[in-house]
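Engineer: here is the input, now give the coordinates:
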Amino acid sequence: MTHLHRTEIFIEATREHVFGYFTNPAWLSKWLGKAARLDPQPGGEFRFEVADGEWCVGDYVEIDPPRRVAFTWGWENETMNLPPGSSVVEVELAAEGAGTRLSLIHRDLPDDDSLILHADGWSRYLARLDRMARGLEPDADPATETPEQARRRLESR
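Structural biologist: The predicted structure is shown next:
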């Protein structure tokens, strides 16, 4: 059985600006990793290194600037139990005043601790995106934590 994770955040930046954080490799690697190879067109590569040797791999499914971007998602690291391209992330950007309401749905997550780790990760990484989009330094990179350290931190809550 698979599940989905849904989250929403308000970002004090235009949706055109926020959209770039999902399509520009230099921008994506500032909030969601160390390096990225992106080809933002349907079927194009969506690949980034979140930590040394830890790659998230997928393809763009939909690009509708500045309103929507969707891509497949998965990990080369088998311990994440989510193979490359096996899940889908959908991002909707809606203008709200001078800012943007970002809604994210991550579909097809397995029914295990991967769901919890991804929910926690999206919460922490979207907070980094918010800070970057406002021109601030991001909070500490969650990737400094191993998946096992994250599991222990979440269990202690």
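Engineer: what helix or strand is the closest residue to F22 other than its chain neighbours located in?
Structural biologist: Distance criterion CB to CB, 6 or more residues apart in numbering; nearest residue to F22, sequence neighbours excluded, is V69 at 4.7 Å. Quick note: C-beta positions are derived from backbone N, CA and C, even for glycine. Secondary structure from DSSP states H and E places V69 in strand 68-73.
Engineer: from A98, how far out is the residue nearest in space to the middle of the chain?
Structural biologist: With distances taken as CA atoms, centre = their mean, W122 lies nearest the centre of the chain, 5.9 Å away. Distance of W122 to A98, given as CB to CB, to the nearest Å: 24 Å.
Engineer: next one: the longest helix seen in the chain to chain centre, how far?
Structural biologist: In the chain, taking DSSP state H as the definition, the longest helix is helix 113-133. Here helix 113-133 shows a centroid-to-chain-centroid distance of 7 Å under the convention CA atoms, centre = their mean, to the nearest Å.
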